[in-house]
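In: sequence and predicted model, in that order:
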Amino acid sequence: MAGVMERTLGILELLAREAEGLPLAVIAERLGMPRSAAHRLLTDLARYGYVRQVRDQGDYMLTTKMVSLGLGFLGEMGILDAAQPLLDRLAERSGELVRLAVVDGRCLTWVAKAQGATRGLRYDPDMGAVAKLSCSSSGLAWLSTLSDEAALELVAEQGFGNVEEYGPNAPTTVTALLESLRKTRERGFSLTLETFAPGMNAIAAPVRRGDQAALGTLSIAGPSIRFTEERMLAMGDTLLNVADELAASTSASSLLRTGRPSTASQL
């Protein structure tokens, strides 16, 4: 059963990264399983409404059922009701993309956003993605609330973001990462210059009550040509104030209340 579950989840995670779908042979090859096994699992997933076949003998792709489940969960948790007005206000003030990420075990996941850019270049990635801790502003903001040992433990599990896949300035060594965390702790928020994606800058602050464990992070991201280092520094105090407001309002959301990191060496 463990093998079946692992393979089933592998199919869902693979198809979540392939919006156009994939043929059976490719799915089986990428996941290292026989085509017959992949076909049985895809047939079961299709029967329960999680996967559909584009046409007879065609590619397999996810349905919207997974999205509906996720949105329904967030709605029941109350996180959107609690956070969205604050995200909207910060997006209007900054004119850039604002995102909320929540700590979920040993990961950080983006769950809500507000877009402040009404014209020109817009940075607007999909929600539900897990943040790359070593090179995203959200990841660095969260890691800065932990000890160096705990931060390095999490990054070691997830791996460093390489410059080919992420931004040209992504930290790729322990020394560079620790220096980024030091600066983040000094200013109270992270500031990244093309570390997560080429041409994109961002700042992020932890959402936390006093010295308690961080519940999540609040970030502002935009094109580097517009969201310059000078402008990010000028927005720092506003970001921190809204993050504090969000932390104070977390009683409305059980997801934020329970979003605690489970690192063994947090202290």
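Out: Perfect, I can see it now.
In: tell me what Leu22 is bridged to.
Out: According to DSSP bridges, the partner residues bridging Leu22 are Tyr60.
In: show the pLDDT at it.
Out: With respect to pLDDT, Leu22 scores 92.
In: mean confidence score for stretch 151-160?
Out: 94.
In: buried sites along it?
Out: For stretch 151-160, the neighbour count (16 or more other CB atoms under 10 Å) marks Ala151, Leu152, Glu153, Leu154, Val155, Gln158, Phe160 as buried. Placement of C-beta: from N, CA and C, glycine included.
In: as JSON lines, the residues you listed with distance to Glu96 and secondary structure would be great.
Out: Formatted as JSON lines, the buried residues of stretch 151-160 follow (distance: CB to CB, whole Å; DSSP: H, G, I helix; E, B strand; the rest coil):
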{"residue": "Ala151", "distance to Glu96": "26", "secondary structure": "helix"}
{"residue": "Leu152", "distance to Glu96": "30", "secondary structure": "helix"}
{"residue": "Glu153", "distance to Glu96": "32", "secondary structure": "helix"}
{"residue": "Leu154", "distance to Glu96": "27", "secondary structure": "helix"}
{"residue": "Val155", "distance to Glu96": "26", "secondary structure": "helix"}
{"residue": "Gln158", "distance to Glu96": "26", "secondary structure": "helix"}
{"residue": "Phe160", "distance to Glu96": "26", "secondary structure": "coil"}
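In: for Phe227, state which of those residues is nearest.
Out: Of all the buried residues of stretch 151-160, Phe227 sits closest to Phe160, with 24.1 Å by CB to CB.
In: from what I see, Arg52 and Thr64 are in contact.
Out: No - the pair Arg52 / Thr64 is not scored as a contact, 9.9 Å apart, by CB atoms under 8 Å.
In: who has more neighbours out of these two?
Out: In this comparison of Arg52 against Thr64, neighbours counted by other CB atoms under 10 Å, the higher total goes to Arg52 at 18 against 11.
In: picking that back up, hmm, which two among the buried residues of stretch 151-160 are most spread apart?
Out: Comparing all pairs in these by CB to CB, the longest separation belongs to Glu153 and Phe160, at 13.4 Å.
In: how about Leu9, phi and psi?
Out: Backbone torsions of Leu9, given as degrees, to the nearest 10, read phi -60, psi -40.
In: state the distance from it to Ala16.
Out: With distances taken as CB to CB, to the nearest Å, Leu9 is found 10 Å from Ala16.
In: okay, these two: which has more neighbours?
Out: Taking Leu9 and Ala16 together and counting by other CB under 10 Å, Ala16 has the greater number of neighbours (15 against 10).
In: and the nearest residue to the more buried one once chain neighbours are set aside, how far from Arg7?
Out: Using CB to CB, 6 or more residues apart in numbering and skipping residues adjacent in sequence, the residue nearest Ala16 is Leu62, 6.2 Å away. The span separating Leu62 from Arg7 equals 16 Å under the rule CB to CB.
In: give me the more crowded residue out of those two.
Out: For Leu62 against Arg7, the residue with the higher neighbour count under other CB under 10 Å is Leu62, and the figures read 20 against 16.
In: SS state for Glu157?
Out: What DSSP: H, G, I helix; E, B strand; the rest coil gives for Glu157 is helix.
In: tell me the contacts of it?
Out: For Glu157, the contacting residues are Arg106, taking CB atoms under 8 Å, 6 or more residues apart in numbering as the criterion.
In: and for the one 3 residues further on?
Out: By CB under 8 Å, 6+ apart, Phe160 lies in contact with Ser134, Cys135, Ala170, Pro171, Thr172, Thr173, Leu177.
In: if we go to 7 Å?
Out: When contacts are counted by CB atoms under 7 Å, 6 or more residues apart in numbering, Phe160 is found next to Ser134, Pro171, Thr172.
In: what does Thr8 give?
Out: Shown in contact with Thr8 (CB under 7 Å, 6+ apart): Leu41.
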